[in-house]
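Visitor: Just the structure for this:
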Amino acid sequence: MEQNGISDLDELKKFIEERNEKVRKERKRLINVSRIKDYIRKQKCEISEETIDAIDRKVYELINQAIYRTKANKRITIRPHDL
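Guide: Numbering: from 1, shown residues only. Predicted structure coming up:
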């Protein structure tokens, strides 16, 4: 369905990108982007901004899972086996 030359899909894509940008600005990255890019370039590859965001989300998930496990075991120190 198109209205005024703009499809619903285009509007949805714009909405998602605006939301993703807002999330990026609200939460600080835990990863060092330049070091990741340097490592990947040394491997003769490139990386997209979306991939950087995905890596950062995975790091947050990994840490949050470790925090949950640590607290569930009534500890305050995260240990390697919590990962």
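Visitor: Low-confidence bits of the protein, can you list those?
Guide: When residues are selected by pLDDT under 70, those of the chain lie in 1-6, 23-26.
Visitor: doesn't Ala66 fall inside a helix?
Guide: Yes: counting by DSSP: H, G, I helix; E, B strand; the rest coil, Ala66 is located in a helix.
Visitor: can you pull the contacts of it?
Guide: By C-beta atoms under 8 Å, 6 or more residues apart in numbering, the residues touching Ala66 are Ile78, Asp82, Leu83. The C-beta positions use only the backbone N, C-alpha and C, and glycine is treated the same way.
Visitor: which of those residues count as buried?
Guide: Neighbour counting by 16 or more other C-beta atoms under 10 Å classes Asp82 among the contacts of Ala66 as buried.
Visitor: can I get the contacts of Ala66 in CSV with distance to Arg29?
Guide: Below are those laid out as CSV (distance: C-beta to C-beta, whole Å):
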residue, distance to Arg29
Ile78, 19
Asp82, 22
Leu83, 19
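Visitor: how about the helices of the protein, start to end?
Guide: 8-26, 33-42, 49-72 (DSSP state H).
Visitor: relative to helix 8-26, how tilted is the longest one?
Guide: Following axes from the mean of the first three to the mean of the last three C-alpha atoms, to 10 degrees, one obtains 50 degrees for the angle between helix 49-72 and helix 8-26.
Visitor: ok, and for helix 49-72, which residues are buried?
Guide: Residues of helix 49-72 classed as buried by neighbour count (16+ other C-beta under 10 Å): Ile52, Asp53, Ile55, Asp56, Ala66.
Visitor: try the second one
Guide: Taking 16+ other C-beta under 10 Å as the neighbour-count basis, helix 33-42 is seen to contain no buried residue.
Visitor: How far off centre is that helix?
Guide: Taking C-alpha atoms, centre = their mean, to the nearest Å, the mean C-alpha location of helix 33-42 is offset from the chain mean by 16 Å.
Visitor: And the contacts of Ala66, which is closest to Glu61?
Guide: Using C-beta to C-beta, Leu83 comes nearest to Glu61 of the contacts of Ala66, at 10.9 Å.
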